[in-house]
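S.K.: Okay, predicted coordinates and the sequence, questions at the end:
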Amino acid sequence: MIDRLTAAVVLRVGGATRSDVFALIREARDEKSLYDRSNGGAGKRTIWQTATLRLKRLFENAGWVWTPTRFADEPRPTRGTVAPVVDREQTQPPSAEPERTVDELLAVAEGFEVSELALSFDDFKRLTRERRRPANAFEVQRLAFEIRSALRTLKERELAAC
């Protein structure tokens, strides 16, 4: 889940920011607290249940394919080994990452069309491999994510300008 939370911010999935991820975690903690206060009558038993559902919704609403994680691949969390999440935005000034200009987005998405966002991610990766000829499969996936993100941002800005 940490990888997916990080990816949501880095890839700007659905426009996600660090603040959005911290809010998602706070909401999940609130659900756990509600569960504890109500003796299981409301809320969720664990933080990850709420966080995963909200994160999945974020990815799917942004057009990303959510692949479930196999339990056999995930180590069981143990008490006391996970450091608490601290919202550093409250204690440090945010590092303002400049928003990409339209020219930068067009450069990233060069050779691709907004209509290709309707393709499955696997088909989009195939197009990326054919059009950009990256060195390896990891680079194909990274480029496909970056290009799709740029196309989505271009599409959102176009709708916002209407």
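M.R.: Good, I have the coordinates.
S.K.: In this protein, where is pLDDT below threshold?
M.R.: Along the chain, the parts satisfying pLDDT under 70 run over 70-98, 159-162.
S.K.: at 50 what do you get?
M.R.: Scanning the chain with the threshold set as pLDDT under 50 gives 82, 93, 160-162.
S.K.: and the longest helix for it?
M.R.: Counting by DSSP state H, the longest helix found in the chain is helix 137-161.
S.K.: What is that helix packed up against?
M.R.: Using 3 or more C-beta pairs under 8 Å, 6 or more residues apart in numbering; DSSP states H and E, the elements in contact with helix 137-161 are helix 102-108, helix 121-132. (Glycine included, C-beta is placed from N, CA and C.)
S.K.: tell me the contacts of residue 149?
M.R.: Listed by C-beta atoms under 8 Å, 6 or more residues apart in numbering, the contact set of residue 149 reads 11-13.
S.K.: what do you get for residue 62?
M.R.: Residues in contact with residue 62 (C-beta under 8 Å, 6+ apart) are 13-15, 152.
S.K.: Next, the buried residues of stretch 148-160.
M.R.: Applying a neighbour-count criterion of 16 or more other C-beta atoms under 10 Å, the buried positions in stretch 148-160 are 148-154.
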